[in-house]
Structures are given as structure tokens and as C-alpha cells.
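[1] What shape does this take:
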Amino acid sequence: MPSFRTLRASRLARLAVATLAGFTGLHAAPCGAQPPVGAGAADARWPVKSREHVDLWLHGFAMIADDSSLVPLFRRGYRDALVVERNKASVTSDLDANHDALAARLRANPRLVNAQFLPLYFGGWAELEGALDFFLKAEGDPRGARTEQAAQLIAFFAAAFPTRDDRDFARRLLRSLESERERFFHAWWLAETRRRDAAFEAVDTLWQRTWRPKLQPFLNHTQQGNGEVLLTLPLEGEGRTVTGGKQRNTIAVGLPQSPARATEAMYALAHELVGPLTGAAVDDNTTPAEKRSGAAERLSSLALVRGGALLVAQLSKADAEGYARFYLRVAGVSFDGDAMAALAKAFPVPPALLDSIQRQIAIAFAGI
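    This is a model prediction of the structure:
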């Protein structure tokens, strides 16, 4: 399966920021362009939010995707837990009826996994549904659009669903999620997020009062001065990031199950925020042959985990130890003794690459 770290700076991401910022009539501006909820000050930084449509879309992929990554793409055990919840509610939906066909197409074209990023560009389900339905009715062909903006929107989705079979996947997935939302997910999501209200508040407090202020010099240096944090139920160690310039970034990470585990969201944020540095370091330290073979992509995933540990260590050695324990647990790695040593063994990265990442982190905090 290709790494979805390619989406961090992909054609899809670049096109979407330009397209969705100006397109009107079908949807609002990208999430990161919206004023923070409840914040009137112009200097509000990285508000913490939740969005049902993001969770729903990720839920759909979690239920159909094979997940064999060292750091799982979704919260470990999420699919099994949701099968239990759906059985308790005696619910079936079109997601059940279409499961095998959706899973088969995803296996046939693993790059469809990158479509997981799409809801991060929309403010709600109606916006995403309307825009995707518009694209599907146009059969993915921007030449039939009546306006340049409509053509841009079609081209945006065509980057994710380029072929007829891919568009059939998108159409089937959209209808399946509409059914899933009506019959199960909406009620479950409301109840589950209410159950985690205290955890949400704990994450918000920890982020805004402690971690974000300490990280702000790093964020400013890496062109991530502002944006929004989305706390989602299907995610854990592997987040989803859309970059849109200094002020319009969106990062989705897992919503912990209790206030006592609020730091887990900080660890996942560090893992995502270090991406611009680790991506550049991997690019500089790998050969064209390694890029063609996919070795660079595999190394990128390892470097993100190790880079996140270096970033957290810049703030606190104790938290770096906690970060290491978190990612070892997420990866299902058992160990005794030194968690940092175990992390280095489980996520091996060449010393020269680590040195490069460490130097860039130090430069970022120094404001050079």
C-alpha cells in the first residue's frame, strides 16, 4: 500500500487549496480558512474541534481497508469494536451490502486510500456530499463544466478518482456512507463524543496552555503557524494532515478515550507536525533509485515516528519517553527497559538522516 504521506505535498493537496478557497455554491472554504469556533481574536492559534463528517468518512475506510502498517492507519481494534457496536444496535446499512465490492476495489487500486483526505477540505457532510455528487454526475470530465470553478472542482476529485472504476468506487462509497450515517453512525457518534467530552476538554487545555505555546516557534519556522486540530474517533497514532500555507493547515488525530490519556493526542500531533522536516530530510538523503523503488516512502514513515520523538524531546525528555511508549504500543511492539532504545530498534532510521532532522528541529526552535 502506498504511503499517504505522499498527500502532504501532492498535486491533489495543492490543487484543492487553490480550488476550494474560491469555489462557491456547492461548499464553503476549506476548514482551515474558517474562523475558529468561539474565538474572536485575530491571533487565535490552532483551535481544537471535532467534525462528524470527517469521522464518518474515515470510518468508512476503516471498515473496508486492510491495515497492515507498522503504525496502523486507524485506531487498533477500531473495526472490531464498531462491529460489536453495530451488532448491539442490530443495524445493517448499505455499507454492509457494499463491503466486499468496496474492499475489492481498494485492494485493486491501493492509491484510493489517499481519498481519506477529502473531508478535510470541507466544513460538513452536506458540502462534501454535494461536491462529490456534482463530480460524479459530470463523470469526472471537467470539459463539460459551465464555469472554470466547476471545472476545477471536478479536476480536484478526478485526482483522487481518475478512472471509471474509481468513480464507481466513490459513488458506491458515498451512498454507503449516507446509509450508514442515517442508520447508525450519527447517533453513535453523538453518544460517543459526549462520552469523551472530558477527554476533549483535557486535550484542548493541554494543547493550548502547554504544548502549542512551546511549539509555536517551531510551527512558525516550518510554515505551520496556524490551522486547526480535529479530534477523531477512528484515528490513533497515524494522523491525517492537509497543508495550506502558514495559516490554513488541518491536522486530524485521535480523540483519546479518557482525560488521563490526553497526552496521546499531543504525541500524534508531534508526529504530524514534524512531517515537513522529515519529508525534506528523506528527500535529501535518498537516491533516485530509492525513490523509484518505494524505499524512500517506507523510510518516510519510519522517519516520521523517530522525528516526532526528537521534536517532543526538545520540549521534555519525560514526554519523549511517553511518546516512545505510545508508538510502541500502537505498533504492537513489546519491550522491556528503555523505551527510546526499543523505539529505535522498531523504527530503524539511518543515523545521518536522524542527525539531519535533529539539526533542522534545533534551527526551527532557534528561529534561524
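[2] Got the phi and psi for Pro162?
    phi -80, psi -20 (degrees, to the nearest 10).
[3] Then Thr250?
    For Thr250, the backbone dihedrals are phi -130, psi 130 (criterion: degrees, to the nearest 10).
[4] my guess is it meets Asn226, correct?
    No: the pair Thr250 / Asn226 is not scored as a contact, 10.8 Å apart, by CB atoms under 8 Å. No exception for glycine: its C-beta is placed from N, CA and C like everyone else's.
[5] neighbour count winner among the two?
    For Thr250 and Asn226, the more surrounded residue by other CB atoms under 10 Å is Thr250, and the numbers stand at 24 against 19.
[6] Would you confirm that Leu230 belongs to a strand?
    Yes: following the definition DSSP: H, G, I helix; E, B strand; the rest coil, Leu230 is counted among the residues of a strand.
[7] quick one, what contacts Ala199?
    Contacts for Ala199 (CB atoms under 8 Å, 6 or more residues apart in numbering) come out as Leu255, Pro256, Gln257, Ser258, Pro259, Arg261, Ala262.
[8] And Ala115, by the same measure?
    The contact partners of Ala115, by CB under 8 Å, 6+ apart, come to Phe61, Ala160, Phe161, Ala170.
[9] Would you map the strands across this structure?
    Ranges of strands within the chain are 48-49, 227-232, 240-242, 249-254, based on DSSP state E.
[10] Could you export those strands as JSON lines, including distance to Phe74?
    JSON lines is the format used below for the strands of the chain (distance: least, CB to CB, whole Å):
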{"stretch": "strand 48-49", "distance to Phe74": "20"}
{"stretch": "strand 227-232", "distance to Phe74": "10"}
{"stretch": "strand 240-242", "distance to Phe74": "11"}
{"stretch": "strand 249-254", "distance to Phe74": "9"}
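[11] of those strands, which approaches Val330 most closely?
    Evaluated with CB to CB, those place strand 249-254 nearest to Val330, the distance being 9.5 Å.
[12] What lies in contact with the closest one?
    Residues outside strand 249-254 that contact it (CB under 8 Å, 6+ apart) are 30-32, 54, 58, 75, 120, 224, 226-237, 239-244, 264-265, 268-269, 272-273.
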